[in-house]
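[1] what's the 3D shape of this:
(2 chains)
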Amino acid sequence: MPLTSLITKNWKKPNSHTLKVYEEGGGYQQLRKALTMQAPQIIDELKKSNLRGRGGAGFPTGMKWGFVDLKNPKPHYLCVNADESEPGSFKDRYIMELDPHRMLEGIAIASWTLGVHTAYIYIRGEYKFPAQRVQAAVDEAYAAGYFGKKMAGSDFALDCYVVRGAGAYICGEESAMLESLEGKKGWPRLKPPFPAVAGLFSCPTIINNVETLASVPQVLEMGGEAWAKVGLPKSGGTRIMQLSGHIEKPGCYEVTMDTTFRELIYDIGGGIPKGRQLKCIIPGGSSCPLMLPQHLDCKVDFEAVKDVGTMAGTGGVIVMDDQTCMVREAWRVARFYAEESCGQCTPCREGNPWQTRILRKIEEGRGTADDMKVLESVINSIATAVPFVPFALGNTICALGEAAAMPTQSVLKWFRHEFEEHIKLGRCPNEKPWGALGEGRFQ
Amino acid sequence: MAAPFNDSQQATFDAKVAELLTHYPADRKQAAMMPVLRLLQELVGWLPPEGMDQVAAKLAVHPSRVLEVATFYVMFHTHKPGKYVIDVCTNIACALNGADRLLNHLEKRCALKSGETSADGKWTVRETECLGSCGTAPCMQINEDHHENLSLAQVDDLLQKLP
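    Below is the predicted model of the structure:
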């Protein structure tokens, strides 16, 4: 059964965001259980569960928690990455709007495990309503004694604060988020040292995504092995996939890892609107290389997606129909990265506006064969053009450089003929460059 | 009291900054920068230079540190914006669902180009990057209030209802 509901089980209940509803569904029982366990036991349970970070990189959560030196006398911090800004991703928005206490219980368990007494939830500035819901939930949790001086009746103190960003994609990069939390502009830091050693205020810091933390209570409830069994050998549990673009039923769907993209798009998502055919999809947020119709039998699991040359990312699937102009698509994605480059590293700061200008020029029909050469040289200078190997391809401090180069590299790989056609004709050959719904989904 | 606040605003600002500073280690006052700038913008609608000077004094940092942060984040206004700031998402998922048409409509209706403020100071219309609402595209925000699944008629209706 591909569609499931472990993390999203409360979403359909009325008032699912309140403490009352969460407690009725067994909420905060796992925190009480965790308080009877020792840190190594909990970390071991997470390692067994094969839970992987849901922020995009898919790093094993148990291993990440294991990096924290529990004997380090400095204060430890937990930072929750709720700066969800990758185009195509919107799962954390719904977790925070519909079931914030699940995340808060995860925060409490993580804090107890890692000796954290101060947790910060960094929510992107645009998420006003989710931030209000989370703040209300934090207030409820304090009033009910889950946060504060005596966490759930123990002697453990935990303070939790909501911090809002102010519109910078780069602050979703963990070290840029730490800079922002320290009151600076969001410039990523060089690693190492990794945040688990020297993070917020130079203290040991653990940074987890909203969905990852919301999964933690479920892992403890089921036990690590049972959670791992729901998934595939290297990726435990379920994933919340998000469908957008040219799709009949866009939205968030929690599925098992063995679900294929074909099932996701045609069975769950209802297929492509207006009887059109599929051209390609972006499988996990705009930075991921494309997947073509021939790849649709690939599973949504992290490893399987890697095998077809792309990445599972955040699970934000953007679907494009057969009329979509891929030059325009490449231009719009490149423009996003040009806009959001923090300006620290030259290849990214200069290269992204440059590739954006060339892509626009080709789309408008003013491109030449030389432009293609320059374009490739520019993007390959931001990050080398080899099949995706996770991280360390780029010539930049953080992964935004790669994130910006990979989509264009992949459009060039699969749709080079569209570029050549634009150059030959001196115009965009597509009648509807934005595809079936380009004139608007709602009239 | 000092510019840009009136008496009651100054009292609110002082009290709330004092509370925010308790969220951070005592020797890390600068960490309160983001929430304090947000507070300033909520009180006076934007970040006037006198206000940023007060922030610098409260957080014990050089004023250039405050300006650096204020200009880095797009949601902080270092110039006075229109009464209603309309941020239209034109990123890929919204573009595939008609965001260009939405933006054109707003430009016409408010008689301005994207990025501008109307002459009467009522509207600022900007293109913005992904608002995390791709499943309910197209979408926009009016002064941070989110609106999704928009048709042009709904946009007209929304703007009409604004005082």
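[2] make it CA atoms for all contacts and neighbour counts henceforth
    Will do.
[3] so where is chain B shaky, pLDDT-wise?
    Per-residue confidence of chain B (counting by pLDDT under 70) places the weak regions at B:1.
[4] Where does residue B:125 fall, secondary structure wise?
    For residue B:125, the enclosing helix or strand under DSSP states H and E is strand B:123-128.
[5] how about that strand: buried residues?
    By neighbour count, and taking 16 or more other CA atoms under 10 Å in any protein chain shown as the criterion, the buried residues in strand B:123-128 are B:123, B:124, B:125, B:126, B:127, B:128.
[6] Now do the helices in chain B.
    B:7-21, B:33-44, B:49-59, B:63-72, B:92-95, B:99-110, B:152-161 (DSSP state H).
[7] Nearest spatial neighbour of the residue most central in space within chain B, chain-adjacent residues omitted?
    Among the residues of chain B, the one closest to the centroid is residue B:75, at 4.1 Å (CA atoms, centre = their mean). The shortest distance from residue B:75 to any residue that is not its chain neighbour, by CA to CA, 6 or more residues apart in numbering or on different chains, is 5.0 Å, and that residue is residue A:166.
[8] Quick check: the residue of the stretch 1-150 of chain A nearest chain B.
    For the stretch 1-150 of chain A, the residue positioned closest to chain B under CA to the nearest CA is residue A:90, at a distance of 4.9 Å.
[9] That residue is in contact with residue A:242, isn't it?
    Yes: using CA atoms under 8 Å, residue A:90 makes contact with residue A:242 at a distance of 6.8 Å.
[10] circling back to that earlier point, what is the nearest of the buried residues of strand B:123-128 to chain A?
    Taking CA to the nearest CA as the measure, chain A lies nearest residue B:128 of the buried residues of strand B:123-128, at 9.2 Å.
[11] List the contacts of the closest one.
    Contacts here follow CA atoms under 8 Å, 6 or more residues apart in numbering or on different chains; on that basis residue B:128 touches B:87, B:88, B:89, B:90, B:91.
[12] So of the residues you listed, which two are at opposite extremes in space?
    The span of these, defined through CA to CA, is set by B:87 and B:91 at 11.7 Å.
[13] Which parts of the stretch 201-350 of chain A are strands?
    Using DSSP state E, counting those that start in this stretch, the strands of the stretch 201-350 of chain A run over residues A:205-209, A:238-245, A:251-256, A:278-282, A:316-321.
[14] May I see those arranged in TSV, with mean neighbour count and mean pLDDT as well?
    What follows is these, written out as TSV (neighbours: other CA atoms under 10 Å in any protein chain shown; pLDDT from 0 to 100):
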stretch	mean neighbour count	mean pLDDT
strand A:205-209	25	97
strand A:238-245	29	96
strand A:251-256	22	96
strand A:278-282	22	97
strand A:316-321	27	97
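[15] CSV for those, including distance to chain B?
    Converted to CSV, the strands of the stretch 201-350 of chain A look like this (distance: least, CA to the nearest CA, whole Å):
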stretch, distance to chain B
strand A:205-209, 15
strand A:238-245, 5
strand A:251-256, 5
strand A:278-282, 10
strand A:316-321, 7
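[16] Which among the ones you listed is found nearest to residue A:330?
    Residue A:330 lies closest to strand A:278-282 among those, at 11.5 Å (CA to CA).
[17] Counting by contacts, list what that closest one packs against.
    Contacts defined by 3 or more CA pairs under 8 Å, 6 or more residues apart in numbering or on different chains; DSSP states H and E place strand A:278-282 against strand A:316-321.
[18] chain center to the strand it packs on: distance?
    15 Å (CA atoms, centre = their mean, to the nearest Å).
[19] same deal with stretch A:322-332?
    On CA atoms, centre = their mean, the centre of stretch A:322-332 falls 23 Å from that of its chain.
[20] What's the mean pLDDT across it?
    Computed over stretch A:322-332, the mean pLDDT rounds to 97.
[21] Keeping just the C-alphas, turn that stretch into CSV.
    In CSV, the C-alpha atoms belonging to stretch A:322-332 read as follows (Å, rounded to 0.1, in the frame of the first residue of the first chain):
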residue,chain,number,x,y,z
ASP,A,322,5.0,18.0,-23.1
GLN,A,323,4.4,21.6,-24.2
THR,A,324,6.7,23.1,-21.5
CYS,A,325,9.7,25.0,-22.9
MET,A,326,12.7,23.7,-21.2
VAL,A,327,14.9,26.7,-22.0
ARG,A,328,12.4,28.9,-20.2
GLU,A,329,12.3,26.4,-17.3
ALA,A,330,16.1,26.4,-17.1
TRP,A,331,16.0,30.2,-17.1
ARG,A,332,13.5,30.5,-14.3
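[22] For that stretch, give me every contacting residue.
    Defining contact as CA under 8 Å, 6+ apart, one finds that stretch A:322-332 is touched by A:276-280, A:356, A:359-360, A:362-363, A:407-408, A:411, A:415, A:418-419, A:428, A:430-436, B:91-92.
[23] Any of these buried? List them.
    For the contacts of stretch A:322-332, a neighbour count by 16+ other CA under 10 Å gives the buried set as A:277-280, A:356, A:359-360, A:362-363, A:407-408, A:411, A:418-419, A:428, A:433-436, B:91-92.
[24] Return the subset of those lying in strands.
    Cross-referencing the buried ones among the contacts of stretch A:322-332 against strands under DSSP state E gives A:278, A:279, A:280.
[25] With adjacent residues omitted, what lies nearest to residue 113?
    Defaulting to chain A. Among residues not flanking residue A:113 along the chain, residue A:39 sits closest, at 4.6 Å (CA to CA, 6+ apart).
[26] Please refer instead to chain B.
    The spatially closest residue to residue B:113, leaving aside those adjacent along the chain, is residue B:107, at 5.5 Å (CA to CA, 6+ apart).
[27] got a list of what that neighbour touches?
    Neighbour list for residue B:107: B:113, B:114, B:125 [criterion: CA under 8 Å, 6+ apart].
[28] Closest one of these to residue A:22?
    Distance to residue A:22 across the contacts of residue B:107 (CA to CA) is lowest for residue B:125, with 39.9 Å.
[29] From what I see, that closest one and residue B:87 are in contact.
    Yes: with contacts defined as CA under 8 Å, residue B:125 counts as touching residue B:87 at a distance of 6.1 Å.
[30] From chain B, how far off is residue A:246?
    7 Å (CA to the nearest CA, to the nearest Å).
[31] how many other residues sit next to that residue?
    Residue A:246 has 31 neighbouring residues, counting by other CA atoms under 10 Å in any protein chain shown.
[32] Might you report the residue contacts of it?
    Going by CA under 8 Å, 6+ apart, the list of residues near residue A:246 reads A:272, A:273, A:318, A:319, A:320, A:321, A:435, A:436, A:437, B:96, B:97.
[33] again with residue A:10
    Taking CA under 8 Å, 6+ apart as the definition of contact, the neighbours of residue A:10 are A:16, A:22, A:25, A:98, A:99.
[34] I'd like these written out as a markdown table, with secondary structure and distance to residue A:384 added.
    Conversion of the contacts of residue A:10 to a markdown table gives the following (DSSP: H, G, I helix; E, B strand; the rest coil; distance: CA to CA, whole Å):
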| residue | secondary structure | distance to residue A:384 |
| --- | --- | --- |
| A:16 | coil | 46 |
| A:22 | helix | 47 |
| A:25 | coil | 49 |
| A:98 | helix | 41 |
| A:99 | coil | 41 |
